[in-house]
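Q: okay, structure incoming, though there's no sequence with it:
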Ligand code: IPM
Ligand code: MN
């Protein structure tokens, strides 16, 4: 089976970690009887500086034709915040209608956890973040910009359709995962009496269709506390775009840091895009010190989405083995080996596990 994959290495350390993900994919391809046909795109800060282009419409049209997109990182120190993020990353998410941002929070065995007395059996949940609406739509504007009377308005857009499809994905996932069969809605119903209220009503309306799923609700501020105090309470968490952005950075640190956190921008009916969630880490560019596990785990999620379950399981096992057996730390510069060496090891273990 041949899979056509668009690869966007992107900025900073993106290309370095993407190279390791591709290394692992290529290693499992033969034994798993898969063929990958990669097409590289030079989207990112350098292209923007040269041409002023972020994500041209012609490239979006091409991206629609792939089975999946594999992304490194977007963000460049010479480019003002927002231009590349909105112009490339958010544009891709919106245009390709990748309405789910799926972010597993899994503590691998042997990985240092900053939480006292918590281990891999306590930290194993998934955040389903809505990915095309909320505060991210960019609805709003300035009035009397730059004057003492300036007004700035930014509005959260929540549609019933967008909320329902996100909740449905989360309920289905809670059913598919064989854990606690529990879904927690995270919002702020005590203050956001319109936006969070819509989420809450939609959640309550859908719950009877899933009698096998236990439902729970937590305010977003309390959720930050529970992620630290009782992460074992969570199985599947569903929330809006901005809350999901914030709580998944917290999720990343309890699973060992940005070096291990992966995510998928999912369009269940279209093209999905997989990425390490940690950003471009420009100060480490070219030093071979950043952890490629997040990017390799993103490639692993991509394998699952492509239906390559055998290869996906092997890569997952290989990551766990390297993390527990060989690596000194998950932090940049402290792994006891280079970015490339981590990739070599995981590629080798993945082939052995197939
Ligand atoms: C993420 C990132 C992005 C987001 C930024 C880079 C726009 O933080 O993927 O979590 O806020 O969604
Ligand atoms: Mn983020």
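A: Good, I have the coordinates. This one's a predicted model, so the numbers in the text were calculated from it and none came from an experiment. Ligands and ions are numbered 1, 2, ... in the order given.
Q: does the closest residue to ligand 1 within the stretch 101-250 of the chain count as helix, strand or coil?
A: Nearest residue of the stretch 101-250 of the chain to ligand 1 (Cβ to the nearest ligand atom) works out as residue 245 at 4.4 Å. All C-beta spots, glycine's among them, are computed from the backbone N, C-alpha and C. Here residue 245 is recorded as helix under DSSP: H, G, I helix; E, B strand; the rest coil.
Q: what packs against the helix ranked longest in the chain?
A: Looking across the chain with DSSP state H, the single longest helix is helix 14-32. When contacts are defined as 3 or more Cβ pairs under 8 Å, 6 or more residues apart in numbering; DSSP states H and E, helix 14-32 sits against strand 2-10, strand 35-40, strand 68-73, helix 293-305, helix 309-321, helix 339-353.
Q: tell me the most buried of these?
A: helix 293-305 (a mean of 26; mean count of other Cβ atoms under 10 Å).
Q: so how far is that helix from its chain's centroid?
A: 10 Å (Cα atoms, centre = their mean, to the nearest Å).
Q: show me the contacts for the closest residue to residue 247 other than its chain neighbours.
A: Nearest non-adjacent residue to residue 247, counting by Cβ to Cβ, 6 or more residues apart in numbering: residue 223, 5.8 Å away. For residue 223, the contact set (Cβ atoms under 8 Å, 6 or more residues apart in numbering) comprises 184, 186, 237, 247.
Q: confirm that residue 223 sits in a helix.
A: Yes: checked against three-state DSSP, residue 223 lies within a helix.
Q: quick check: the residue of the stretch 251-354 of the chain nearest ligand 1.
A: Residue of the stretch 251-354 of the chain nearest ligand 1, by Cβ to the nearest ligand atom: residue 277 (5.4 Å).
Q: thinking that residue is in contact with residue 265, fair?
A: No: under the criterion of Cβ atoms under 8 Å, residue 277 makes no contact with residue 265, lying 10.3 Å away.
Q: more neighbours: which of those two?
A: More crowded of residue 277 and residue 265, by other Cβ atoms under 10 Å: residue 265, with 24 against 21.
Q: so the more buried one touches residue 91, yeah?
A: No: the pair residue 265 / residue 91 is not scored as a contact, 11.7 Å apart, by Cβ under 8 Å.
Q: would you mind measuring from whatever residue of the stretch 1-150 of the chain ends up closest to ligand 1 to residue 188?
A: Across the stretch 1-150 of the chain, the shortest distance to ligand 1 (Cβ to the nearest ligand atom) belongs to residue 85, at 3.7 Å. Separation of residue 85 from residue 188 (Cβ to Cβ, to the nearest Å) stands at 24 Å.
Q: so for these two, which sits in the more crowded spot?
A: residue 188 (20 against 16).
Q: that one contacts residue 217, doesn't it?
A: No: with contacts counted by Cβ under 8 Å, residue 188 stays clear of residue 217, the gap being 10.7 Å.
Q: on that earlier part again, so who does the residue of the stretch 251-354 of the chain closest to ligand 1 touch?
A: 103, 248-249, 252, 258, 261-263, 294.
Q: filter those residues to the buried ones?
A: Buried subset of the contacts of residue 277 (neighbour count, 16 or more other Cβ atoms under 10 Å): 103, 248, 252, 258, 261-263, 294.
Q: what's the lowest-pLDDT member of the residues you listed?
A: On pLDDT alone, residue 258 ranks lowest of these, at 93.
Q: hang on, it packs against residue 294?
A: Yes: the pair residue 258 and residue 294 qualifies as a contact (Cβ under 8 Å) at a distance of 6.7 Å.
Q: overlap in contacts of the two?
A: 276-278.
Q: could I get the residues you listed as CSV with secondary structure and pLDDT?
A: Listed next are the shared contacts of residue 258 and residue 294 as CSV, based on DSSP: H, G, I helix; E, B strand; the rest coil; pLDDT from 0 to 100:
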residue, secondary structure, pLDDT
276, strand, 97
277, coil, 92
278, coil, 87
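Q: using the three-state scheme, assign the residue nearest the centre of the chain.
A: The centroid of the chain falls nearest to residue 263 when counting by Cα atoms, centre = their mean (2.0 Å). Assigned by three-state DSSP, the conformation of residue 263 is strand.
Q: isn't it up against residue 274?
A: Yes: Residue 263 lies in contact with residue 274 (Cβ under 8 Å); the separation is 7.4 Å.
Q: what do the two both touch?
A: Residues touching both residue 263 and residue 274 by Cβ under 8 Å, 6+ apart: 298, 301.
Q: quick one on the thing from earlier: tell me the spacing between the residue of the stretch 251-354 of the chain closest to ligand 1 and residue 256.
A: Counting by Cβ to Cβ, the gap from residue 277 to residue 256 is 13 Å.
Q: what about stretch 38-51, how long is it end to end?
A: 24 Å (Cα to Cα, to the nearest Å).
Q: list the buried ones in it?
A: 41, 43-45, 47-48.
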